[in-house]
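Participant: please find the sequence and the predicted model below.
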Amino acid sequence: MAPNIPFVAAACAALLGLLAAALTARVILFRVRFKVDAGDGGQPALAQAIRAHANLAEQVPLALLLIAFAEVAGAPALAVYVLAAALLVARFASAWGLSHSLGPTAPRQAGAGLTVLVIAAASVAILLRLAAGA
């Protein structure tokens, strides 16, 4: 018998895992191209690749954990799907924006704002379920 897992959060995690793998590969390719073992070697393209990967690694774990907790706690399915979809859009937009400029870009800013909104909304959803005696 398969264990019950938060299906939506797991699917979202798998898609974001593929994005993480792609961003990691991009950093590796730039490190090889520019012959840089540590740091960015003063190479703007490598700095952008590192920042895009790091930003994903900084933001995704907490957001995914909160979505999974909300799903397991019994938050409405539509809410969980919306949270997961918003996180995917946010992180892909952020990765694209950070991969093209270290300065402010609309995709980067939208991705950051949407990620914060997902984290806050998932947190509230969990707290509401706990308050209701989920």
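Facilitator: Okay, I see it.

Participant: I'd say Ser94 and His53 touch.
Facilitator: No. Using Cβ atoms under 8 Å, Ser94 is not in contact with His53, being 11.1 Å away. C-beta coordinates here come from the backbone N, C-alpha and C atoms, glycine included.

Participant: which of the two has more neighbours?
Facilitator: Ser94 (26 against 22; other Cβ atoms under 10 Å).

Participant: list the helices and strands the helix or strand containing the more buried one packs on?
Facilitator: In the assignment (DSSP states H and E), Ser94 maps to helix 77-100. When contacts are defined as 3 or more Cβ pairs under 8 Å, 6 or more residues apart in numbering; DSSP states H and E, helix 77-100 sits against helix 7-34, helix 44-72, helix 106-131.

Participant: buried ones in that helix?
Facilitator: Buried positions in helix 77-100, judged by neighbour count with 16 or more other Cβ atoms under 10 Å: 79-80, 83-84, 86-95, 97-99.

Participant: cool, stretch 35-51 as well?
Facilitator: Val36, Asp40, Gln43, Leu46, Ala47, Gln48, Ala49, Ile50, Arg51.

Participant: figure out how far it is from the centre of its chain.
Facilitator: Distance of stretch 35-51 from the chain centroid (Cα atoms, centre = their mean, to the nearest Å) equals 21 Å.

Participant: give me the below-cutoff pLDDT ranges for this protein.
Facilitator: Within the chain, the stretches with pLDDT under 70 are 1-3, 134.
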